[in-house]
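Enquirer: Build me a model:
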Amino acid sequence: MNPSILIGRVLLLAGVVFLLAAPSLLSLRGLQLSTEFLTLLVLALMWNLLAGYADIVTVGQHAFVGIGAYAFFGFLVFAEMNPYLSVLLAGLVALVLAAPIMAIIFRLRAGYLAVGSWVVAETLMLLAGKLPTFGGGSGKSMPVATVKQFGGSAIERYVNIYWLALALAVVALLATWYLIRTRVGVGLTAMRDSEEGAGAIGVNLHRTRILCFLWTAPFLGIAGAIITSQKLRVAPPASFSIIDWTVYVIFIVVIGGIGSFEGPIIGTIVFFFLRETLADLGVWHLIILGAVSITVVLIEPKGIWGILRRFLPGDLIPLGHRPKSRPQPKSAE
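Expert: Next up, the predicted model:
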């Protein structure tokens, strides 16, 4: 194995070990940041699958985060269901609502699809603001008794929510990795490289896009539920935040490397480093983030992973299949 590939995989393994040990090592603030990191990683992974592979460039991903947030709040607070069951049901609601949303926006293509997805998300946000049971436009906080279902103390609650976020990230990474390695994934890779070429060799573009769109919805809904369990309230501008759940996610994927499995991981790490480093600069940190993204794209359109890939002989996370070697027939003597 190439030494650079080995070093990269050792760093990935070290990161996994750190995440597993995080509840024993980090403070409350550290656990909160780690939970945010994992949920944003899931959002970035899903947007990368849509835009980087299936060519569904949506700017309305925050719609499903908000749907998951409100569904989770309703099941937990009003239906008084088990909190962990409520998290799963939030993902199911997002999946169910993905079908009619898909029927609307898939009539559009390219920039029209992006604008259409944004309009749908903003419409859902306005509808959420008309729900008096959920506090209308100002939102609603969780009752204390409901909050304590995640843990009697603050540290216990943060740890339990962190484990939820880690479990979601692991399932999202493994499931998406497996998807890309299947026959569908071969078609997605072909679509990423050349949509016309993929169609010419028999890839069903429409069916593959439908699968990817429905694939991402429950992960986004569950992420919205976990975000709500951490913030302890729902509110239309926060739960359906285009800045937090779509714009930052696009930034992460673009600078990390769109159309690659390593890109969202690298981009999330870089984003959190920049966010925490530039937090005291106010609005300037947004300007710097924009400048960084433009600089990276000008140097390498495939992001930081594209730059690193120039010096690496292979992927850190293998996605392709190696053909099995067949025994050569013995020559007749």
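Enquirer: low-scoring stretches of the stretch 201-333 of the chain, by residue?
Expert: Residues of the stretch 201-333 of the chain meeting the criterion pLDDT under 70: 320-333.
Enquirer: go with 90
Expert: Within the stretch 201-333 of the chain, the stretches with pLDDT under 90 are 201-208, 259-261, 275-294, 296-302, 306-333.
Enquirer: residue boundaries of the strands in the chain?
Expert: With DSSP state E, the ranges of strands along the chain come out as 140-141, 233-234.
Enquirer: shaky segments in the stretch 51-200 of the chain?
Expert: 52-58, 104-114, 137, 145, 147-154, 180-200.
Enquirer: thinking again about what came up before, right, so of the strands of the chain, which gets closest to L308?
Expert: L308 lies closest to strand 233-234 among the strands of the chain, at 39.4 Å (CB to CB). Yep, even glycine has a C-beta here, placed from its N, CA and C like the rest.
Enquirer: burial of the spatially closest residue to L41 that is not a sequence neighbour, as a residue count?
Expert: Nearest non-adjacent residue to L41, counting by CB to CB, 6 or more residues apart in numbering: T268, 4.7 Å away. Counted with other CB atoms under 10 Å, residues neighbouring T268 total 27.
Enquirer: which residues does T268 contact?
Expert: 37, 40-41, 44, 252, 256 (CB atoms under 8 Å, 6 or more residues apart in numbering).
Enquirer: if you set the cut-off to 6 Å instead, what comes out?
Expert: T268 is in contact with 40-41, 44, 252, counting by CB atoms under 6 Å, 6 or more residues apart in numbering.
Enquirer: S141 too?
Expert: So, once contact is read as CB under 6 Å, 6+ apart, S141 ends up touching R233.
Enquirer: who does it bridge with?
Expert: On the basis of DSSP bridges, S141 is bridged to R233.
Enquirer: gap between it and M81?
Expert: Using CB to CB, to the nearest Å, one obtains 18 Å as the distance from S141 to M81.
Enquirer: Same question for L41.
Expert: Distance from L41 to M81, by CB to CB: 27 Å.
Enquirer: So for the two, which residue has more residues nearby?
Expert: The neighbour comparison of L41 against M81 (other CB under 10 Å) goes to L41, with 25 against 17.
Enquirer: so what pLDDT did the more buried one get?
Expert: pLDDT for L41: 96.
Enquirer: swap in the one 3 residues further on?
Expert: Note for A44: predicted pLDDT of 96.
Enquirer: ok, the residue nearest to it when sequence neighbours are not counted to F134 distance?
Expert: Spatial nearest neighbour of A44, chain neighbours left out: P264 (3.8 Å); criterion: CB to CB, 6+ apart. P264 is 31 Å from F134, where distance means CB to CB.
Enquirer: Who has more neighbours out of those two?
Expert: A side-by-side neighbour count of P264 and F134, using other CB under 10 Å, places P264 first with 31 against 23.
Enquirer: Surely that one is in contact with M46?
Expert: No: judged on CB atoms under 6 Å, P264 makes no contact with M46 at a distance of 8.9 Å.
Enquirer: closest one to H206 among the strands of the chain?
Expert: Across the strands of the chain, closest to H206 is strand 233-234 (CB to CB), at 34.6 Å.
Enquirer: Of the strands of the chain, which is nearest L173?
Expert: Among the strands of the chain, strand 233-234 comes nearest to L173, with 27.1 Å by CB to CB.
Enquirer: how is this structure carved up into domains?
Expert: Structural domains assigned to the chain are 18-240, 241-312, following automatic domain parsing.
Enquirer: chain center to the last one, what's the gap?
Expert: What it means is domain 241-312. From the chain centre to the centre of domain 241-312 is a distance of 14 Å (CA atoms, centre = their mean, to the nearest Å).
Enquirer: first vs last residue of that domain, how far apart are they?
Expert: Using CA to CA, to the nearest Å, the end-to-end distance of domain 241-312 comes out at 37 Å.
Enquirer: repeat for stretch 65-82
Expert: 20 Å.
Enquirer: ok, and for it, which residues are buried?
Expert: 65-77, 81 (16 or more other CB atoms under 10 Å).
Enquirer: correct me, but L76 touches V87?
Expert: No: using CB under 6 Å, L76 is not in contact with V87; the gap is 8.6 Å.
Enquirer: would you turn the strands of the chain into JSON lines with distance to G202?
Expert: Listed next are those as JSON lines, based on distance: least, CB to CB, whole Å:
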{"stretch": "strand 140-141", "distance to G202": "51"}
{"stretch": "strand 233-234", "distance to G202": "45"}
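Enquirer: Select, out of those, the one closest to W177.
Expert: strand 233-234 (31.9 Å).
Enquirer: Kind regards, and thank you for your time.
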